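S.K.: Give the three-dimensional model of this entry:
(chains A, B, C, D and E)
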Amino acid sequence: MSRPNYILEINSISKNFGGLQAITRLSFNVEEGLIFSIIGPNGAGKTTAINLITSMYPPTSGEILFEGQKLFRKKPYQVALMGIGRTFQNIQVFQKMSVRENVMVGCHTQSDSGFLRCLMHTPSVWKEEKVIRQKTDAVLKFLDLDSKADMLVGGLPYGVQKRVEIARALAIEPKLLLLDEPVAGLNLQETEEMAGTILKIRDTGITVILVEHDMNLIMGISNRITVLDYGKKIAEGSAKEIQNNPKVIDAYLGKEL
Amino acid sequence: MLVIDGISAYYGGVRALDKISLVLEEGEILALIGGNGAGKTTILNLISGIIKPTHGTIMLRGEDIGSFSPERIVELGIIQVPEGRHLFGPLTVQENLEIGAYRRRGRQNKKKISDDFEHILQLFPVLGKRLKQRAETLSGGEQQMLAIGRGLMGRPLLLLLDEPSLGLAPLVMQEIISIIGRLRQEGTTILLVEQNARAALKIADRAYVLEAGKMRLQGSAADLLENVELKKAYLGNGS
Amino acid sequence: MDFSQQIAQYIITGLTIGAIYAIVAMGFNIIHNATGIVNFAQCEFISLGGMFMYSLAVLFKVNLIIAFFISMAGVALIGALIEMGPIRHARSKEIIILIFLTIGLSEILRGAAQEVWGTDNVGVPAFSGEAPIHLPGGAAIVPQHLWIFAITVMVMLMLRYFFKKTLMGKAMRATAVNRRAAALAGISVNRMVLFSFAFSGALGAVAGMIIAPISSTSYDTGIMLGLKGFAAAILGGYGNFAGAILGGIILGILESLGAGLISSQYKDAIAFFVLLLVLFLKPTGIMGYGESERV
Amino acid sequence: MENRKGFSLNISKGHNFIPIERKRTIESCLLLVNRMLLKQKDNLCFGILALVIVAIPMFVESKYYFIVLNVIGLNTIVVVGLNLLIGFAGQISLGHAAFYGLGSYFSGILTVNYGFPMWPAMLVGMLATGAVAYLIGYPSLKLRGHYLVMATLGFGIIINILMGELEQFTGGHDGLMGIPPLTIGGLAFDNDLKNFYLIWSFVFFFMLAARNLLNSRVGRALRAIHGSEVAANSLGINTADYKVKVFVLSAMFASVSGSLYAHYITFISPSSYDFYYSIQVVTMVIVGGMGSLWGSLFGAGILTFISEALHIAEQYHIIAYGIFLCLVLVFLPEGIVVGIYNFFLKIKTRKAIIK
Amino acid sequence: MNRRLLTLVVMVITVSFMVGSSLCYSAEPIKIAGIFALTGRAAHIGTAQKDAVLLAIDEANQQGGINGRMLEMVMEDTESNPTKAVMALKKILESQDVVAIIGPTLTGTAMAMRGFIEKEKIPAFMHSGGDVILKAPLDKKDPNSMPKWTFKSPYKAADAMGKICQYMNKHGIKKIGFVYSNEGFGKDGLRNVKVQAPKYGVEIVAQEAFQPKDIDMTAQLTRINAKGVDAIIAWTVGPAMGIIAKNIKQLGIKAPLFECHGAGDPIFWKVAGESGEGVMMPSTKIVVGDQLPDSDIQKKKVLDYVKAYQTKFNREPGTMVAYGADAAFIIIDAIKKVGPDRAKIRDAIENTTGYVGISGIYNISPQDHNGLSMDDIVMIKATKGGWKLLD
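M.R.: Next up, the predicted model:
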């Protein structure tokens, strides 16, 4: 039996917020090229897990390996440079910039001209801009955003903003993409479109970690699901396994009292 | 008592509610259940006047309160215990409770308020031991009790409880659920928003199930408890 | 005077100035807690307090005590008007816009004060004589210093009583902690903000009035005092009342020791330099906690 | 034109929408216009600016107007730099008078006391100011909100005190006099008109440079930091580093402006660089519109001009200025240029919707 | 879009023209520019000087003006800021046909304006206290490039300081402490005292600074007192004059206090209160006009002016007023002599000799653009809310 190719390994991490145990000895491994979902009721520690993976704050204990490299003491921007992209639960798009510019910011990781060159607008900057623009166009097309490319994000419908956020994260050319509630607040049709988008992203070879509440979406597209409750993992498996797991049912519907 | 008719609302740019109607009878416990982002909290905030509906009306005993300011709605006796407790952290437990009675300030209520204070300490004996502590130093369960206690200090006609069990250990949750039952016996009308559907349905008289800002199911609690669709709503159909 | 007595004198001086800074800092804190802004019109509250006092006590010969309270009420009213007018109706609630709005307002107030009272410095009689009291050892103090201490302590105690014991005070604190929850408890947030402006107006006036007999007063005395008071508030931890007192006293003593022991030319530079060092080591001030991500 | 299409589409959509959506539509239009004002391809605007600069001396003769225009130009350079910091990177500084002053004093001291040639002195001043800005910015920019306000304010005051105290270099409070006017070849910039061309060429090129920067990856990164620091971080932008760098850059802008000032007025003294000046330039950024490059020009222009024009009100000019400032901040918080546009646009949009 | 921007630019320019042109109207009267610090940190001095000058001009006009032409003062505010001062200067020079300038108030603004005044060739009588405006060469490399068009009416600070030291010498004071406000005026005093004190055998054993807006100077005074001084000189104007007097009483310091030549002003009593008792200072004769011996040739002029001032403003004039008035009188005199011509006025001012002013007898010469000497200064002592002339 060959060991599966794990892109992300989480070994027994815990996170303590001033006495509040948000995550307790959580471990899971994410296989490359799959959609891996984390579910659980409100306050179960899902977003905390994402923030730990992206080094927004350090774990109290335990370690996280990305492609075999430890993420300990990395700054969030360094994690991004390593190839981990993410979106946010309450979307964090740059409202006052256009869709295109939002995505162009994502291309930051693939360019390197500094202040001086940019002030002068040297030919190298010009070349770099051209590459960024091409890249951006490709990403926009991929996510069907090209018709809205020059509109300001702040004025766009919520669903589109969510897509912009994903497009931006894709622009950093991530190997691993963390989506925090991508369909919260979307209507049914938008949700279906989003499901298609996520699958399309996976098909390009990007591993996706999905945190969601929408069970139809989760059950429909996940390759593997981990269920958290009170910061602990209570189950892991395929959609079928999870749906029939009594512990999961309890966690969601509430325990018998 | 409270009639909500066809309200729609936006919350932070998202259409959170789509033409929701619901009726709340005097003295009952009505449960609102549904997943994250279904719009439950939005309904409570609409009733409390924190956000304004774009469509529809909210009538309290025949009076349209849709345009009232939050403080005015509190004056009318509709009191919300918000999700995440929203305690005044640096203030002491006692001060939190006193502010709960803010709507009844004035000399003539002094006696009644101190009676209520005693009563709440009876309901939540653990708070009595913590009166001088800062609210932020309490444990999660105690904080939740304090939040409810603070709401009760206002002598609500209608108590809006938002996720009282959130993040609580099962034992504490059970305690809070039983206290909610006791409150109903004392005649308080309660609108309960809960994720723990099973627990909510056990104590509620009726319930509405919301999904993505729309009303999905409604009926008596007993019926819903047996409903297969409800399970689906929570865990998806796996298609 | 030997060296230790000199030090004693420096410390007495430092405490006096520090007490004034502390009162001003508390004025800044009250508004900060209610709205999150820096109210630069606080500087004008100080000047106005002094000038009202001068008009009443010197020009109209009103009894000092009555003049004191009328001035307080007058400046509190101006504070309230500022809030009810421009601050409340500002179309943007962005912190930086509001801060500069208070700068604009303070220009108006200062200009108006200049028109009303002219540009000259004027004196206000000391509350009870000017005969110095010599402490054992040689350090000296005038009765007005004692008044400053007494009134500062009294203001602190009253503020403490108000915020800890009265329902209104508790409601104001609650509003500062969590506006939404306060509204859900039936507290009118607008009214609390209004009170906070009136309050800090009154505090500014007190600071201006108790220092006027020593430093004399004019339409623009408040600028430097206000700036130092703001520095004291930040040093102690913005929004924290105990911090304001601590910050004020530290700043006052730093200044007087700096002038007395190191260099009187650089005393302000020394004080601000220490302030910067403290901030670099403890980014939220000495007693501050949490991050203020507001501007 | 593409922009316009999207924008009219939104209006027609807005027709039967419920109020909040209509409001959102209007807002999105407004955002779009705001953006057009700081639009990328505004070569035309630069063309007009160049034209205006060249043409103004044909209409203006009074030396007084030239000195007003020159002061506007000097302020514009500072304000453009400061806007990069405040409007684009979302950080504040109430100590920019210090950098402006450092530029002046480096130029003045090096040329007067040490006989440096003028242009190298200006360059040295700029670099040295940048170094000072780095030293103060590195620890300061870790502070947030009002703590940052205080730190920069305190720094400004310390530098201002040093200007008065280091008499052997700065001339102390009596000031430093006899600073020579700048020269290129044999041409000395020794009158108001010549200085007008000199200063406004600097304005032109600094604005151009600022625009270049804003249209590049660095500019986008800065705006991203303002939009959401967490998100910027998650996209691989080293936000802490960028904040310090833009602080240094804006200090250098101020420094160059200060050097020009010193060579223009030929006399400098500490009172030109007190904290009132710091507050004044930030006010210009806000009145012009935070995050609007052209707004900086107008902010500096309008406030400098108004504060002069209001002298008609004699001693009431301080009150009048305060009232003007308050009116702008209360009613046009987006800044005067964008604000007035928005106002007209709103009327238009409203009419369109009623139709 | 861009067209709108252009429209806006055009609009702004048009408006600026309109405002500008409304300021320019041709007028019959002879115009004198008055540039003062009417707002900002020196507003308290600037407004007093403005009043003094207005009074002098009124007086001249009541006497029928100059050859039937009235005098008019065109006023501008420096806002106590050097840049604004230069702007104000250019504004006046461009928009009005003025023959001379009175002001500005602050040394810093005066220094900034000086170069432009020399370039524009217009006579300017300044009120600033700092001697540097006359002493410093225009071009640092050329020590002979002294200002030609700039005059100043207040005593040379050096003379005032000399007067104090002379008085000290006479009364056996040997060791002094010097405390000064940390800005141009105070620093100038510090330089002067270092020159003057040794001349009269006085030793400076301590020197301390304070900020002009400080509210307490006990720290500095404690330090000075610890050195065991015979007297203290305080060099400042504004509220600090009073604070120092109070602090000295508070600390129980027995050494007498001397203040600067700007202190002889009713404001002194307002800021110092009872603590002002016994403070000595050099002053113009304006505050002790009635105590002057009848033989004093200034007496009549001083008393007349004080009376006029009292009638017009209903308050006592201070020493600052004298400086403002003298500048105006000398300029008016010069215009009377030579007519409204800038160069001629300058020459006339430079040749003013034996002019009996309020501050003293002006003997202006190309070498001395101030013209007052130490003998014009009197020492006075603050007594019972008024002033007593010392021997």
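
S.K.: any residue of the host helix or strand of C:Leu227 up close to chain D?
M.R.: Using DSSP states H and E, C:Leu227 sits in helix C:222-236. Yes: judged by C-beta under 8 Å from any C-beta of the partner chain, helix C:222-236 and chain D are in contact via C:Leu227, C:Phe230, C:Ala231, C:Ile234. Any C-beta I mention is one placed from the backbone N, CA and C, and that applies to glycine too.

S.K.: and the second one, what does it touch?
M.R.: Spelled out, it's C:Phe230. The contact partners of C:Phe230, by C-beta atoms under 8 Å, 6 or more residues apart in numbering or on different chains, come to C:Val24, C:Ala25, C:Phe28, C:Val38, C:Phe40, C:Gln42, D:Met150.

S.K.: Would you mind checking those residues for buried ones?
M.R.: For these, a burial check counting by 16 or more other C-beta atoms under 10 Å in any protein chain shown picks out C:Val24, C:Ala25, C:Phe28, C:Val38, C:Phe40, C:Gln42, D:Met150.

S.K.: my guess is the last one contacts C:Lys228, does it?
M.R.: The reference is to D:Met150. No: using C-beta atoms under 8 Å, D:Met150 is not in contact with C:Lys228; the gap is 11.2 Å.

S.K.: hmm, back to that, so can I have CSV of the contacts of C:Phe230 showing distance to chain B?
M.R.: Rendered in CSV, the data for those read as follows (distance: C-beta to the nearest C-beta, whole Å):
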residue, distance to chain B
C:Val24, 23
C:Ala25, 19
C:Phe28, 19
C:Val38, 21
C:Phe40, 26
C:Gln42, 23
D:Met150, 23
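
S.K.: Can you tell me which of those residues end up in helices?
M.R.: Using DSSP state H, C:Val24, C:Ala25, C:Phe28, C:Gln42, D:Met150 are the members of these that sit in helices.

S.K.: Where is the longest helix in the chain?
M.R.: Went with chain A since none was named. The single longest helix within chain A, with elements called by DSSP H, is helix A:123-142.

S.K.: my bad, chain B
M.R.: Max-length helix for chain B by DSSP H is helix B:170-185.

S.K.: shaky segments in chain A?
M.R.: Applying pLDDT under 70 to chain A picks out residues A:1-3, A:18-19, A:253-257.

S.K.: Give me the neighbour count for C:Val142.
M.R.: Using other C-beta atoms under 10 Å in any protein chain shown, C:Val142 has 25 other residues around it.

S.K.: Spatially nearest residue to the residue of the stretch 51-200 of chain C found nearest chain B, not counting backbone neighbours?
M.R.: The minimum distance from the stretch 51-200 of chain C to chain B, using C-beta to the nearest C-beta, falls at C:Gly186 (3.3 Å). By the measure of C-beta to C-beta, 6 or more residues apart in numbering or on different chains, the closest residue to C:Gly186 outside its immediate chain neighbours is B:Val74, 3.3 Å from it.

S.K.: Regarding the one you found, what is its secondary structure?
M.R.: Look at B:Val74: counting by DSSP: H, G, I helix; E, B strand; the rest coil, its state is helix.

S.K.: Is it correct that it is in contact with C:Leu184?
M.R.: Yes: here B:Val74 reaches C:Leu184: they are 6.8 Å apart, a contact under C-beta under 8 Å.

S.K.: which residues do those two both contact?
M.R.: With C-beta under 8 Å, 6+ apart as the test, B:Val74 and C:Leu184 both reach B:Ser48.

S.K.: tell me, what residue is most central in chain B?
M.R.: B:Leu161 (1.4 Å; C-alpha atoms, centre = their mean).

S.K.: Return the set of buried residues in the helix or strand hosting that residue.
M.R.: In the assignment (DSSP H and E), B:Leu161 maps to strand B:158-162. Residues of strand B:158-162 classed as buried by neighbour count (16+ other C-beta under 10 Å): B:Leu158, B:Leu159, B:Leu160, B:Leu161, B:Asp162.

S.K.: With distance to D:Leu332 as extra columns, can I get those residues in JSON lines?
M.R.: Below are those laid out as JSON lines (distance: C-beta to C-beta, whole Å):
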{"residue": "B:Leu158", "distance to D:Leu332": "43"}
{"residue": "B:Leu159", "distance to D:Leu332": "44"}
{"residue": "B:Leu160", "distance to D:Leu332": "40"}
{"residue": "B:Leu161", "distance to D:Leu332": "44"}
{"residue": "B:Asp162", "distance to D:Leu332": "39"}
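
S.K.: and those residues as JSON lines, adding pLDDT?
M.R.: JSON lines is the format used below for those (pLDDT from 0 to 100):
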{"residue": "B:Leu158", "pLDDT": "91"}
{"residue": "B:Leu159", "pLDDT": "91"}
{"residue": "B:Leu160", "pLDDT": "92"}
{"residue": "B:Leu161", "pLDDT": "89"}
{"residue": "B:Asp162", "pLDDT": "88"}
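
S.K.: Three-state assignment for A:Leu65, please.
M.R.: The three-state label given to A:Leu65 by three-state DSSP is strand.

S.K.: Pretty sure it sits against A:Ser12.
M.R.: No: using C-beta under 8 Å, A:Leu65 is not in contact with A:Ser12, being 11.9 Å away.

S.K.: Quick one: the strands in chain C, in order.
M.R.: C:133-134, C:140-141 (DSSP state E).

S.K.: other SSEs contacting the first one?
M.R.: Which is strand C:133-134. The contact analysis (3 or more C-beta pairs under 8 Å, 6 or more residues apart in numbering or on different chains; DSSP states H and E) places strand C:133-134 against strand C:140-141.

S.K.: any idea of the pLDDT on the closest residue in space to E:Thr383 that isn't next to it in sequence?
M.R.: With sequence-adjacent residues excluded and distances taken as C-beta to C-beta, 6+ apart, E:Thr383 is closest to E:Glu277, at 6.8 Å. With respect to pLDDT, E:Glu277 scores 92.

S.K.: quick one, what contacts E:Glu277?
M.R.: So E:Glu277 contacts E:Ala382, E:Thr383, E:Lys384 (C-beta under 8 Å, 6+ apart).

S.K.: rerun that using 10 Å as the cut-off
M.R.: Residues in contact with E:Glu277 (C-beta atoms under 10 Å, 6 or more residues apart in numbering or on different chains) are E:Ala245, E:Lys249, E:Trp269, E:Lys381, E:Ala382, E:Thr383, E:Lys384, E:Gly385.

S.K.: Point out where chain B drops to low pLDDT.
M.R.: For chain B, the stretches flagged by pLDDT under 70 are B:11-14, B:36-37, B:167-170, B:232-239.

S.K.: By proximity to chain C, which residue of it wins?
M.R.: Closest to chain C within chain B is B:Val74: 3.3 Å, counting by C-beta to the nearest C-beta.

S.K.: how many other residues sit next to that residue?
M.R.: B:Val74 has 24 nearby residues by other C-beta under 10 Å.

S.K.: so where do the strands sit in the stretch 1-150 of chain D?
M.R.: For the stretch 1-150 of chain D, strands defined by DSSP state E, counting those that start in this stretch do not occur.
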